[in-house]
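> Based on what follows, work out the 3D shape:
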Amino acid sequence: MTQQRPSMHIGVIVTLALRNIRRNLRRTILTATALIIGGALLIFTLLLSDGTHEQWIDSGVRTGSGHVTIERPEFRLSRKIEDRLPASTSPAVMTALKSPDVSEHVTAVFTRLSVNGLASSPAGARPAQILGIDPVSEAAVSPLDDQVVDGRYLESDDRLAAYVGGGLADRLDLRLGSRLVLTAQDAKKDIAGQLVRVVGIFRSGLPELDQSVIHIPLATAGDWLGAGHDVTNIGVIVDDSIVVPSLVRHLQQALADPIARGDATVMGWREAMPALRDAVLIDEWGAYILFGILFVIIGFGIVNTVLMSVLNRHREFGVLQALGLTPRQTGAVVLVEGLTLTAVGGVVGVGLGLVFTWFLMSDGLDMSQLNSTMDNLQFGGVAIDPVVYPVFRTTRVIQSVGYILLIGGVASLYPAFRATTIDVAESMKFER
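A predicted model of the protein is given here:
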């Protein structure tokens, strides 16, 4: 007797599995509906979560040090002007950012000369974070220029001008035109003072910014602190935070010599802004735990559906084994049933979730409509825009479908094993 080819066995197994799915239509529809709802919720929440995190990151890096920052290794801890970045590093950074693989993702580059000092007025003195900035590049990056409540933002021809946080202005009783003395340690480690005049006051909604930050022109800061054209950091803003690791590696290669000398280091936002990183991780893992619970419940539903199918088909499986189907092939029929049901339900659910999410892309989802307290929401030290825009990524679609298939495969293993243990003689005693 000629032996049947494996492809023929596979065809029979798939045919038997599909026939049983059609035969138990009500049970199939109930299980598939649960999978469709779960898949749609999964992809919708993942895309919305990615959009939320991207907004957190974008808001954080624009008021912070950028998606990627280049600075001296010691500066992150010391915040001292002597730990500034040499001016000779800037041309190498700009050349590296013009690489075709990198430039398409870079949306802005800015430089800052940052120092911790003291702001004094006739009403008193307060500690301040003083940032020497280029008004043009800073306005393209930071949201602070749009948060002015009185006066204006700095302009390129300003000299002795200051843009002050509202909280600091209140404590020092500052108004437009008020004189303000800034005091800090300069490049020679001497205490130096600089007189400036308030041209604008901002309120960001973040106390740590409003009560401490002062922007002054970069040239003024360089002359005052004796830093010349040196800066404390060069920040890079990109169009999507997912490209940050590759950009960091590219810049590390381009700046290999300054890094080897200890003159520079390259950090992504996760390393430079640990509070924001932790906030994103906490939210991500919270979502994963919730979806883990949801799909465990759906998995039990799959087990129940497929196992009931096995228990109600003892006689059928006995006949099939009597006709030559091996116990392993019997189990394969059950496994294919579970995987097919999961694949169809999961793909349809993910597809519906993508379609539903797409309609939110143009206007976003206004979370303030759900909670009136979200107008000024803060998380991880970042002021959050209540309007959230989903972010579409192919990897998320693949992950969602793969996760659903994994759940279906695992849930189908036990019913498939039960099918392999059916005794032919005993199963023939079962009546339909």
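> how close does the closest residue to F75 other than its chain neighbours sit to D230?
Nearest in space to F75, with sequence neighbours left out and distances taken as C-beta to C-beta, 6 or more residues apart in numbering, is D83 at 4.2 Å. Where you see a C-beta, it was placed from the backbone N, CA and C, and this is true even at glycine. In this view, D83 and D230 are 10 Å apart by C-beta to C-beta, to the nearest Å.
> Between those two, point out the one with more neighbours.
D230 (20 against 15; other C-beta atoms under 10 Å).
> isn't that one right next to E82, touching?
No. Counting by C-beta atoms under 8 Å, D230 stays clear of E82, with 10.1 Å between them.
> intersection of neighbour lists for these two?
Both D230 and E82 are contacted by A187, under the criterion C-beta atoms under 8 Å, 6 or more residues apart in numbering.
> Angles on the backbone of E104, please.
The phi/psi pair for E104 (degrees, to the nearest 10) reads phi -70, psi -20.
> now swap in D186 and tell me
Dihedral angles of D186 (phi, psi; degrees, to the nearest 10) stand at phi -90, psi -170.
> just R393 next, same as before
Main-chain torsions, R393, degrees, to the nearest 10: phi -140, psi 130.
> and it, how many neighbours?
14.
> again, but for I293
When neighbours are counted by other C-beta under 10 Å, I293 comes out with 10.
> got it, and the one 4 residues further on?
By the measure other C-beta under 10 Å, the count of residues near I297 is 10.
> Just the element for it, please.
helix 274-311 (DSSP states H and E).
> other SSEs contacting that helix?
helix 25-63, helix 269-272, helix 327-358, helix 394-420 (3 or more C-beta pairs under 8 Å, 6 or more residues apart in numbering; DSSP states H and E).
> moving C-terminal of the longest one, what's the next helix or strand?
Okay, so that is helix 25-63. Later in the chain than helix 25-63, the nearest helix or strand by DSSP H and E is strand 68-71.
> any residues touching that next one, and which ones?
With C-beta under 8 Å, 6+ apart as the test, strand 68-71 has contacts from 65, 85, 89, 93, 232-236, 238, 244, 247-248, 251, 255, 264-269, 272.
> Out of those, name the ones that lie in strands.
Within the contacts of strand 68-71, residues falling in strands by DSSP state E are N233, I234, G235, V236, V238, T265, V266, M267, G268.
> Against M361, how distant is the residue most central in space within the chain?
With distances taken as C-alpha atoms, centre = their mean, the residue of the chain nearest its centroid is H53 (4.1 Å). When distance is defined by C-beta to C-beta, H53 is 16 Å away from M361.
> what does V148 give?
30 Å.
> Also G331?
Counting by C-beta to C-beta, the separation of G331 from M361 is 44 Å.
> Those two: who's more crowded?
G331 (23 against 14).
> does that one really touch S412, like I thought?
No. Contact status for G331 versus S412: not in contact, 9.6 Å apart, counting by C-beta under 8 Å.
> Show me the common contact partners of the two, please.
Common contacts of G331 and S412 (C-beta under 8 Å, 6+ apart): none found.
> quick one: contacts for M94?
By C-beta under 8 Å, 6+ apart, the contact list for M94 reads V109.
> ditto for G66
Counting by C-beta under 8 Å, 6+ apart, G66 makes contact with F110, V141, N233, G235, V236, I237, W269, A272.
> can you tell me which of these lies nearest to A287?
Nearest to A287, judged by C-beta to C-beta, of the contacts of G66 is W269 at 20.3 Å.
> Can you check what pLDDT the model gives the closest one?
W269 carries a pLDDT score of 92 in this model.
> What's the separation between it and L307?
48 Å.
> So which of these two has more stuff around it?
Counting neighbours by other C-beta under 10 Å for W269 and for L307 shows that W269 has the greater number, 25 against 19.
> In contact with that one: list those residues for me.
57, 60-61, 64-69, 241, 244, 276-277.
> Reformat those as TSV; add distance to D170 and pLDDT.
Shown next, in TSV, are those (distance: C-beta to C-beta, whole Å; pLDDT from 0 to 100):
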residue	distance to D170	pLDDT
I57	30	88
G60	25	85
V61	28	89
G64	24	84
S65	27	87
G66	29	91
H67	32	93
V68	35	95
T69	31	94
S241	35	89
V244	37	93
L276	27	84
R277	32	87
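> Highest neighbour count among those residues?
When neighbours are taken as other C-beta under 10 Å, the top entry among these is H67 (30 neighbours).
> Please pull up the helix or strand immediately following the longest strand along the chain.
Of all segments of type strand in the chain, defined using DSSP E, the longest is strand 106-121. Sequence order places strand 124-133 as the next helix or strand after strand 106-121, per DSSP H and E.
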